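> turn this into a model:
(3 chains)
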Amino acid sequence: MSWTDDRVELLKKMWGEGQSASQIAKELGGVTRNAVIGKVHRLGLSNRAGSAGAAKAEAKPKPAPKAKPDPKPQLKTEPAIKPVPVDASPKPNLPARKQIIPAGQPLPPQPSANEISPEALAKVNAVEKKAKKLTLMELTERTCKWPVGDPATEDFWFCGLPVQQGKPYCEAHVGVAFQPMSARRDRRR
DNA sequence: CCCTGATTCGC
DNA sequence: GCGAATCAGG
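Modelled structure (predicted):
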């Protein structure tokens, strides 16, 4: 695949919209996110500030042209100035947070803790509405493994949302799974 | 571990 | 010019 005119344009458009390089690569097809990033740089729109008229040539911290492939030549000269983030760009990815629907129904028996912040609970209940409702076999290493419902019932599934890095659960469920171990009014030790 | 962009450098 | 490999950070 080559960078045809229209492909470049799509790239520009999506990059301007704040899409990630990998998303753009997926959309374009036939290229990797590295290719996209490389192109972005070559086009000179690495900084997503392209819109406003802005600041022009930035002094690139490119101190020494090194021709030697040293094992670890990645020296970093401290940039004297940092570009002012004129960030007025829209963030399309923000979760449209609407009203939190308070729990109206009896919660299924949650593992362990019974003293969970109402915040977290509400969050979980909200999340469960958009859960992917996976079955046991559909779970993967990076799907939330939080069980919902009664295993003895038909109404049982796993959350299935993207997990929080590392953890076995999505963000919301991590919130209730791991209690900060505060709220313990009695901290004797 | 998953992701992000940034940079380098052989092609 | 291109982009994989690598780097650096979240």
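
> give me the residue ranges of chain A where confidence is low.
Chain A contains residues with pLDDT under 70 at A:48-117, A:165-166, A:178-189.

> OK, contacts around the nearest residue to residue A:175 once chain neighbours are set aside?
The spatially closest residue to residue A:175, leaving aside those adjacent along the chain, is residue A:120, at 4.2 Å (C-beta to C-beta, 6 or more residues apart in numbering). Yep, even glycine has a C-beta here, placed from its N, CA and C like the rest. Residues in contact with residue A:120 (C-beta atoms under 8 Å, 6 or more residues apart in numbering) are A:172, A:175, A:176.

> count the residues that sit near residue A:150.
By other C-beta atoms under 10 Å, 11 other residues sit near residue A:150.

> residue A:168 too?
Neighbours of residue A:168 (other C-beta under 10 Å): 16.

> what do you get for residue A:122?
Residues near residue A:122, counting by other C-beta under 10 Å, number 15.

> where does the residue nearest to residue A:175 fall, secondary structure wise?
helix A:118-130 (DSSP states H and E).

> buried residues in that helix?
Residues A:120, A:121, A:123, A:124, A:125, A:126, A:127, A:128 are the ones in helix A:118-130 that count as buried (16 or more other C-beta atoms under 10 Å).

> how about those in JSON lines, adding distance to residue A:143?
Shown next, in JSON lines, are those (distance: C-beta to C-beta, whole Å):
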{"residue": "A:120", "distance to residue A:143": "20"}
{"residue": "A:121", "distance to residue A:143": "22"}
{"residue": "A:123", "distance to residue A:143": "18"}
{"residue": "A:124", "distance to residue A:143": "16"}
{"residue": "A:125", "distance to residue A:143": "19"}
{"residue": "A:126", "distance to residue A:143": "18"}
{"residue": "A:127", "distance to residue A:143": "13"}
{"residue": "A:128", "distance to residue A:143": "14"}
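
> and of the residues you listed, the nearest to residue A:39?
Distance to residue A:39 across these (C-beta to C-beta) is lowest for residue A:127, with 36.7 Å.

> many thanks, we can stop here.
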